[in-house]
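Visitor: sequence first, then the predicted structure:
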Amino acid sequence: MKGRLDWRDAKVVRAETIAADIRQIEFDVAGGVPAFQPGSHVTVSVALDHGRAERSYSCLPAPAGRIRIAVKRHEASRGGSRYMWRLAEGDEVRLSLPENRFELSWQTRDYLLVAGGIGITPILGMAEALAERDARVRLLYGVHRRDQLAFDRDVKASLGARAEIFVAEDGGRIDLASAIDELAADGELYICGPLPMLQEAKALWADRGRPSSRLRYEVFGDSGAEPERPFQVRILNMDITVGVRPDQSLLDALDAAGVEMISDCRRGECGLCSVGIVDLNGRIDHRDVFFSEEEKQANTAMCACVSRLAEGEAVIDIGYRG
């Protein structure tokens, strides 16, 4: 069920480090780029030690016909950020045209935007678009250290006092509970950031009885509690054992082994790629926002696209019955 991507050749026309561990890259795309809405992302074909893989990045506002992204460097990641950080002006890549699964509804009068760290990348375009339409909007942008602020001037230029910056090393912290309480009853929350931030927002939103359709979020594929390590799974009712490399997701490893899987978002949001856990010898690092905390603690299922074993092995049920 994964959507078919529209792949294009592109060339790097600009690459610069704009904050600690954050690199901004701009591409000129062969054939041009159709207009796209805030919240869109592109998929880039990246070269890893074991071959090529696909990694998705949120689009920043960019000149017509171009794509601009910002990539945070993760030394313990699956390798995508290291590849992207090596790109320099003139390098050629393959990337998809933008697609959007984190779009503004334009159906309310009150918007709350929340960004944690590199999560500002999809939120920035939303802030600019809402400001242009003179919508009622408030933006909360938090980072651990001041040198990690990448787009504080941009959001201040768009929203002025409606954009609030929080730096943890200076004692700043986003008060999600108060921000949600101050949001109009029909208001919408758009949030992108680390997994604990998203989990807190979901819990607060549900506790206050707000409709789930008015909470929209995007997750990081590498927002795990533990670093990526190799592990293996055996598939119930199939004589197949699949090894998963540190630079692979379980879903990618299953695909590579010829195991047919249903998937869509590949960001731990939709749950289509979830697999049952029949036997577990190890620990699951749940990285999705599809399952509840109670379901994660039960360890009876996991989202193959983002979650993984922190160590060990497991027997999984993909629904195959022969």
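Guide: On my side now, so go ahead.
Visitor: could you use CA atoms for every contact and neighbour count after this?
Guide: Noted.
Visitor: that's a strand at Asp255, yeah?
Guide: No: according to DSSP: H, G, I helix; E, B strand; the rest coil, Asp255 belongs to no strand; its state is helix.
Visitor: helix, strand or coil: sort out the residue nearest to it when sequence neighbours are not counted for me.
Guide: Closest residue to Asp255 apart from its sequence neighbours, by CA to CA, 6 or more residues apart in numbering: Met261 at 7.0 Å. For Met261, the assignment made with three-state DSSP gives coil.
Visitor: and Met261, what pLDDT?
Guide: In the prediction, the pLDDT value recorded for Met261 is 93.
Visitor: tell me which residues in stretch 198-209 are buried?
Guide: Of all the residues in stretch 198-209, those buried under the rule 16 or more other CA atoms under 10 Å are 198, 201-202, 204-205.
Visitor: and the residues you listed as CSV, adding pLDDT, secondary structure and distance to Gly172?
Guide: Formatted as CSV, the entries for the buried residues of stretch 198-209 read as follows, by pLDDT from 0 to 100; DSSP: H, G, I helix; E, B strand; the rest coil; distance: CA to CA, whole Å:
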residue, pLDDT, secondary structure, distance to Gly172
Leu198, 91, helix, 18
Ala201, 95, helix, 18
Lys202, 92, helix, 21
Leu204, 97, helix, 20
Trp205, 97, helix, 22
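Visitor: looking at these, which is nearest Ile69?
Guide: Using CA to CA, the shortest approach to Ile69 within these belongs to Leu198, at 21.8 Å.
Visitor: so that closest one sits against Tyr217, correct?
Guide: Yes: with contact defined as CA atoms under 8 Å, Leu198 and Tyr217 form a contacting pair (7.4 Å).
Visitor: got any residues that touch both of those two?
Guide: 191-192 (CA atoms under 8 Å, 6 or more residues apart in numbering).
Visitor: spit out the contact partners of Gly80.
Guide: For Gly80, the contacting residues are 46-48, 55, by CA under 8 Å, 6+ apart.
Visitor: low pLDDT regions in the stretch 201-322 of the chain?
Guide: Residues of the stretch 201-322 of the chain meeting the criterion pLDDT under 70: 220-225.
Visitor: all set now, cheers.
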